[in-house]
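Student: sequence unavailable; structure follows:
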C-alpha cells in the first residue's frame, strides 16, 4: 500500500500547494456536478473558472455560487397558506367555469397567462386598479415624497439601492419626519445595494421611531458570503392605499443628476386598488424575514380598498428560494402568446435559451419583435454579452434599438397592445435565477398602448442596430462578445 501522505511530504512546497489546490478544486467541481445540479452550461462555466483560475476560482465560488433554491426563506403560517390557497383556488375555479366576470376583454383573452401566474406565482388577479406610469426620475421622486408627506398611518418601503447622497438623504429625512409624527414607518434595504446606509446614518430615523432592516447583511464586516443573492425589488406602500413598483432606486443618478449616465430613462408604476394589498403582502414577507418581526400577512389586507379603475393586475415575485422562475415563466408566456408585436426594454439582455428561442421564433413567425437597450454600459461584461444576444435576435428578424440619450434602465415588455409588465426583473439570468424580483403584470389595452407609445417615443432617441451595422463590428468587439457570452451563466 502506497504511503500517499509520505510521498506528498517529500514534494517541494510549491508542488504540495498545487496538489492541495487541485484536490480542493476537484471537490468543488464534484459538488457542482453531483449535488448542486446547476444547468450544464453554468456547470461547465464554473469548472472552467476553477481550473483556469484555481485560487480566484475558489474565492469566486464561495462568494457567488451558494445554492439556496431549496431553502424556504419566506415561510407562511398554516392559516396563511390556507387563506392564500383557498382564495386562489376559488378564483381559478370561477375563471375555468366561465363564471368570472372580467372587467376588460384583454384579460379574458389572456386568461391562460392569468392561470399560469396563479398556479406558479401564487398571484391573485385583481381588476379594480388605477395605474399611473412614471418614466422620469424627478417626477417619480416628487410623487413618492408627496405620498409620503400625506401618509397618516403607515409607510412600508423597500429599495435595492439607497445612497448616501442628496437624494438619499432627502428621502430619509422625509421618512424620519413621518416617524416623528407617529406614522409607522418600515424601511427595508438590500444590504449590498444600499451599503452606504448604516445605523449611524439612520440614527435620527431610529430615534424618531422608524424601523429599519437590511436584507442578507454580511456576517463578516467586509465579506458577504451571499454576495450573489440580492433583493432587487423596489416597492412602496403608503397607508395601504397607494403602491409603487418598478425600476427606479433612490440616488442622484436616477434623477439624471450624475454626469456619467446623463439622462436616466426608467419606468415605475404608481398604483391604487386591490393590487396594493398584494404589493404590501410581498413587502411584509420580505420584512418578516429580514427584520425578524412577527408581522402577520393579514395586515396587508386590513385597509379598505378604494375601487378606482378597471385595470387587471397580478403582482408576481420570484427569487433563488424557488425553482419555479415565476417572472421568467410569465415573460415566456407573453412572448409565446403574442401574435402581432412585442416591445421590450431592458438594460441587460442575457437570456437563457428558452427566452432567446421564444423571441427568435416570434420574429420568424412574423411578430414585430423590437428590443431597446442602452448605448452605455454600467457593467461591462454584461454589456458585451447583451450585444452578442441582441445580434442573434437581429439575425432572426427582430429589430434592435440603441438608446442614445442617456442610460436606459426600464424593465418593460408589451405584447399585442393588450398585456404588459413593469417591474424590477431584467431580461437576464441574474434576474431569473439569482435576484429577488417583483413585477406587475397588466391586463388592459389602454395601459398597454400607453407603454407602446412610450417605447415608440423613445425610438426617437435611438439609432437602430441593423444586421449590416452589427456585422461591421471589429474583431476586438467580436472577441469581447465571445468572452462575455462564454461567462454569461455567471453574470
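Tutor: Arrived safely. No experiment lies behind these values; they were computed from the predicted model shown.
Student: ranges for the helices of the stretch 51-200 of the chain?
Tutor: Assigned by DSSP state H, counting those that start in this stretch, the helices in the stretch 51-200 of the chain fall at 54-64, 78-97, 105-109, 111-121, 137-149, 166-180.
Student: reformat the ones you listed as JSON lines; add mean pLDDT, distance to residue 396 and mean neighbour count.
Tutor: Placement of C-beta: from N, CA and C, glycine included. Formatted as JSON lines, the helices of the stretch 51-200 of the chain follow (pLDDT from 0 to 100; distance: least, Cβ to Cβ, whole Å; neighbours: other Cβ atoms under 10 Å):
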{"stretch": "helix 54-64", "mean pLDDT": "60", "distance to residue 396": "31", "mean neighbour count": "15"}
{"stretch": "helix 78-97", "mean pLDDT": "90", "distance to residue 396": "34", "mean neighbour count": "13"}
{"stretch": "helix 105-109", "mean pLDDT": "95", "distance to residue 396": "26", "mean neighbour count": "18"}
{"stretch": "helix 111-121", "mean pLDDT": "96", "distance to residue 396": "23", "mean neighbour count": "19"}
{"stretch": "helix 137-149", "mean pLDDT": "98", "distance to residue 396": "34", "mean neighbour count": "17"}
{"stretch": "helix 166-180", "mean pLDDT": "98", "distance to residue 396": "41", "mean neighbour count": "18"}
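Student: between these, which one is nearest to residue 403?
Tutor: helix 137-149 (15.0 Å; Cβ to Cβ).
Student: packing partners of the closest one?
Tutor: Contacts defined by 3 or more Cβ pairs under 8 Å, 6 or more residues apart in numbering; DSSP states H and E place helix 137-149 against strand 126-136, helix 166-180, strand 235-238, strand 242-246, strand 263-272.
Student: list of residues touching the longest one?
Tutor: This points to helix 166-180. Helix 166-180 is touched from outside by 141, 145, 148-149, 151, 155, 157, 162, 185, 187, 196-197, 201-202, 204-205, 208-210, 250-252, 254-255, 257, with contacts defined as Cβ atoms under 8 Å, 6 or more residues apart in numbering.
Student: give me the residues contacting stretch 80-99.
Tutor: By Cβ under 8 Å, 6+ apart, stretch 80-99 touches 76, 100, 111, 114-115, 118-119, 122, 124-125, 296-298.
Student: closest one to residue 311 out of those residues, please.
Tutor: residue 125 (11.3 Å).
Student: wait, the closest one touches residue 119, no?
Tutor: No. Look at residue 125 against residue 119 with Cβ atoms under 8 Å: they stay out of range, at 11.8 Å.
Student: so where is the protein shaky, pLDDT-wise?
Tutor: 1-72, 220-227, 302-305, 377-379, 487-491 (pLDDT under 70).
Student: and it, what are its domain boundaries?
Tutor: Segmentation of the chain into domains, based on automatic domain parsing, reads 11-64, 78-104+128-311, 326-490.
Student: quick one, which of those domains gets closest to residue 317.
Tutor: Across the domains of the chain, closest to residue 317 is domain 326-490 (Cβ to Cβ), at 4.4 Å.
Student: sorry, back to before: distance to residue 320 for the domains of the chain - can I get that in TSV?
Tutor: Below are these laid out as TSV (distance: least, Cβ to Cβ, whole Å):
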stretch	distance to residue 320
domain 11-64	12
domain 78-104+128-311	5
domain 326-490	6
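Student: would you convert the helices of the stretch 51-200 of the chain into a markdown table that also reports distance to residue 443?
Tutor: Shown next, in a markdown table, are the helices of the stretch 51-200 of the chain (distance: least, Cβ to Cβ, whole Å):
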| stretch | distance to residue 443 |
| --- | --- |
| helix 54-64 | 37 |
| helix 78-97 | 12 |
| helix 105-109 | 4 |
| helix 111-121 | 7 |
| helix 137-149 | 23 |
| helix 166-180 | 32 |
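Student: residue 460 is nearest to which of those helices?
Tutor: Judged by Cβ to Cβ, the one of the helices of the stretch 51-200 of the chain that comes nearest to residue 460 is helix 137-149, at 19.2 Å.
Student: for residue 432, see how far away the most centrally placed residue in the chain is.
Tutor: The centroid of the chain falls nearest to residue 425 when counting by Cα atoms, centre = their mean (2.8 Å). For residue 425, the distance to residue 432 equals 7 Å [Cβ to Cβ, to the nearest Å].
Student: common neighbours of these two, please.
Tutor: 318, 327-328.
Student: so which of these sit within helices?
Tutor: Within those, residues falling in helices by DSSP state H are 327-328.
Student: and of the shared contacts of residue 425 and residue 432, the nearest to residue 267?
Tutor: Residue 267 lies nearest to residue 327 out of the shared contacts of residue 425 and residue 432, by Cβ to Cβ, at 15.4 Å.
Student: out of the shared contacts of residue 425 and residue 432, grab the one that's most surrounded.
Tutor: Within those, most neighbours by other Cβ atoms under 10 Å means residue 327, with 27 neighbours.
Student: what about the strands in the stretch 301-450 of the chain?
Tutor: Using DSSP state E, counting those that start in this stretch, the strands assigned to the stretch 301-450 of the chain run over residues 311-318, 341-345, 349-350, 368-374, 399-403, 406-408, 412-415, 419-423, 427-428, 437-443.
Student: deepest of the domains of the chain, which one?
Tutor: domain 326-490 (a mean of 20; mean count of other Cβ atoms under 10 Å).
Student: for that one, the distance to its chain's centre please.
Tutor: 14 Å (Cα atoms, centre = their mean, to the nearest Å).
Student: all good on my end, thank you.
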